[in-house]
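J.: what's the 3D shape of this:
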Amino acid sequence: MTNLSHPFRKKWGQNFLRDPNTITKIVNCLQPRQSDNILEIGPGDGALTRHLSNQSKQIHAVEIDPLLITQLEKNNYPNVTIHKRDILEWDLNQLKGEVKIIGNLPYYISSPILFKLLAWQNWERMILMFQKELAQRIVSNHGNKSYGRISVMCQVYCEVKIEFIVSKNVFHPKPDVDSAVLTFYPKDKELPEFNNFSNLVKQAFSQRRKKLKNNLPEAYKSGKIEKWANSRPEEISPNGFIQIYNLIFVG
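T.: Residues are numbered from 1 along each chain as shown. The predicted model follows:
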């Protein structure tokens, strides 16, 4: 593991797990098999990588910190390919076949990473760690203040649940808040086209306190969203947004 002299980079949100029990629990949530192709996002000092390399055929580890890359390369894992890139800029289509995804996402870019993975959709399971507050937003039910765009997107395209809470005390350096580990499974039913649906939900939540008729004025004028016209976006369920999408884009 990384020694305490490592220059932790705040700009990359570096907080490394130090508790073996938590590491084991996270890996067990992924249920790795020997035949698996795994994408690890931000392996850091390899706390999860070591376990994964012993249990699966191929691990692709995407890391941005050159110092950590040097350390990871010294381990000479025969089945770990280290990609020296920012995950937001890395082409996921390099991975062939369905993959499992695991990672402790840097808090400052966790939402953009999640949206990129949702759009890609070529995965069979994701085990991702977020700050606890964002995790609660992801699984929030409509009608709650914490319910928003990310709740709708995750719940429309995935079955998602919080597996367990991770104390801030098991990281070094210690972050300000606790984290949570979430499991995502892709839904296999017919779903809205991702980009159009994402733009629709983004526009619907552009002004949270305004009614949908104000946030989607063109759709309102066309008479397509009368049922929800006087509702605020946080009052509309994920299935409600699918209905709205179908009325606007499918007809």
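J.: which other residues reach stretch 188-195?
T.: 118-119, 121, 156-157, 197, 242, 245-246, 249 (CB atoms under 8 Å, 6 or more residues apart in numbering). For every residue, glycine as well, the C-beta is placed using N, CA and C.
J.: now those residues: which count as buried?
T.: For the contacts of stretch 188-195, a neighbour count by 16 or more other CB atoms under 10 Å gives the buried set as 118, 156-157, 197, 242, 245.
J.: can you add distance to Phe130, secondary structure and pLDDT and give those back as TSV?
T.: As requested, the buried ones among the contacts of stretch 188-195 are exported to TSV (distance: CB to CB, whole Å; DSSP: H, G, I helix; E, B strand; the rest coil; pLDDT from 0 to 100):
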residue	distance to Phe130	secondary structure	pLDDT
Leu118	14	helix	97
Val156	18	helix	98
Tyr157	17	helix	98
Phe197	22	helix	98
Ile242	24	helix	98
Tyr245	26	helix	98
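J.: so which residues of the stretch 101-250 of the chain form strands?
T.: 123-131, 158-166, 171-172, 179-186 (DSSP state E, counting those that start in this stretch).
J.: sorry, back to before: and which of the buried ones among the contacts of stretch 188-195 is nearest to Thr70?
T.: Leu118 (32.0 Å; CB to CB).
J.: what about that closest one, distance to Ile138?
T.: 11 Å (CB to CB, to the nearest Å).
J.: find residues that contact each of these two.
T.: By CB under 8 Å, 6+ apart, the residues touching both Leu118 and Ile138 are Cys154.
J.: next, the angle strand 158-166 makes with whichever strand or helix holds Thr22.
T.: Using DSSP states H and E, Thr22 maps to helix 20-30. Orientation check (axes from the mean of the first three to the mean of the last three CA atoms, to 10 degrees): helix 20-30 against strand 158-166 gives 170 degrees.
J.: need the contact partners of helix 20-30.
T.: 17, 38, 47-48, 51-52, 55, 100, 102, 125, 127, 129, 163-164, 166, 170, 181, 183.
J.: closest one of the buried ones among the contacts of stretch 188-195 to Lys211?
T.: Closest to Lys211, out of all of these and judged by CB to CB, is Tyr245, at 18.1 Å.
J.: shouldn't that closest one be in contact with Phe197?
T.: Yes: here Tyr245 reaches Phe197: they are 5.3 Å apart, a contact under CB atoms under 8 Å.
J.: ranges for the helices of the stretch 151-251 of the chain?
T.: 194-204, 212-215, 217-221, 238-245 (DSSP state H, counting those that start in this stretch).
J.: so which of those helices is nearest Ile64?
T.: Evaluated with CB to CB, the helices of the stretch 151-251 of the chain place helix 194-204 nearest to Ile64, the distance being 25.0 Å.
J.: got the angle between the closest one and helix 238-245?
T.: Going by the same axes, to 10 degrees, helix 194-204 makes 100 degrees with helix 238-245.
J.: okay, buried residues for helix 194-204 please.
T.: Across helix 194-204, burial judged by 16+ other CB under 10 Å covers 194, 197-198, 200-201, 203-204.
J.: hang on, the earlier thing: out of the strands of the stretch 101-250 of the chain, which gets the lowest mean score?
T.: Here the strands of the stretch 101-250 of the chain differ in mean pLDDT, and the lowest is strand 171-172 at a mean of 86.
J.: for it, name the packing helices and strands.
T.: strand 16-17 (3 or more CB pairs under 8 Å, 6 or more residues apart in numbering; DSSP states H and E).
J.: spatially, what comes nearest to Phe164 if we skip its sequence neighbours?
T.: Distances taken as CB to CB, 6 or more residues apart in numbering put Val181 closest to Phe164, at 5.6 Å, once the chain neighbours are dropped.
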